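Q: sequence and predicted structure are below.
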Amino acid sequence: MNDLIHIMTLLTDFVTTLLPAGAESAAGTTEAGGLPMLAEVVVSSSNGPNWAMLGYHLLAAVIFSTVGVAVLFMCIWIFEKISHYSFRKEILEDQNTALAIIAGSVLVGVAIIIAAAIMG
């Protein structure tokens, strides 16, 4: 879990380097991590919307979503390797409903954990 947090921190630092100079101070208030909150960036700017910061947040969302989906697929692969049988065969060919429910529950649980790790 610490490795995942470290990776997320590195991604946040990378995305922060993409900010234009002075973009953080344009929003006024910042979150605990030093990044401006999206609502303040887009809505409360006296000079109109800050499109650079909106683009920054959209880029961060795309990067974190991609990382989250990649981690989820990695967890699916690990889950299938640990169980020593093919989920595709059991669920699709043998119509094993119980396994489908359990596999779906595990994936939802992993997705919630990944989302919580990404949100901080």
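A: Cool, the structure landed.
Q: helices of this protein, start to end?
A: Assigned by DSSP state H, the chain shows helices spanning 2-17, 23-26, 38-42, 51-83, 87-88, 97-119.
Q: any chance of the ones you listed in a markdown table, with mean pLDDT and mean neighbour count too?
A: The C-beta positions use only the backbone N, C-alpha and C, and glycine is treated the same way. As requested, the helices of the chain are arranged in a markdown table below (pLDDT from 0 to 100; neighbours: other C-beta atoms under 10 Å):
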| stretch | mean pLDDT | mean neighbour count |
| --- | --- | --- |
| helix 2-17 | 66 | 12 |
| helix 23-26 | 46 | 15 |
| helix 38-42 | 48 | 17 |
| helix 51-83 | 85 | 14 |
| helix 87-88 | 84 | 12 |
| helix 97-119 | 86 | 13 |
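Q: quick check: Val110 touching Trp77?
A: No. Using C-beta atoms under 8 Å, Val110 is not in contact with Trp77, being 11.7 Å away.
Q: if we ignore the residues flanking it in sequence, what's nearest Gly68?
A: Closest residue to Gly68 apart from its sequence neighbours, by C-beta to C-beta, 6 or more residues apart in numbering: Ile114 at 4.7 Å.
Q: you'd agree that neighbour is up against Ser65?
A: No. Using C-beta under 8 Å as the test, Ile114 is too far from Ser65 to be in contact (10.1 Å).
Q: so how far is Val62 from Cys75?
A: 21 Å (C-beta to C-beta, to the nearest Å).
Q: scratch that, Ala103 is what I was asking about
A: Plainly put, Ala103 is 27 Å away from Val62 if you go by C-beta to C-beta.
Q: again with Met74
A: In this structure, Met74 and Val62 are separated by 19 Å, where distance is defined by C-beta to C-beta.
Q: cool, and Ile82?
A: As for Ile82, its distance to Val62 is 31 Å (criterion: C-beta to C-beta).
Q: do the same with Lys89
A: With distances taken as C-beta to C-beta, Lys89 is found 34 Å from Val62.
Q: what's the answer for Ser86, then?
A: Using C-beta to C-beta, we find Ser86 at a distance of 32 Å from Val62.
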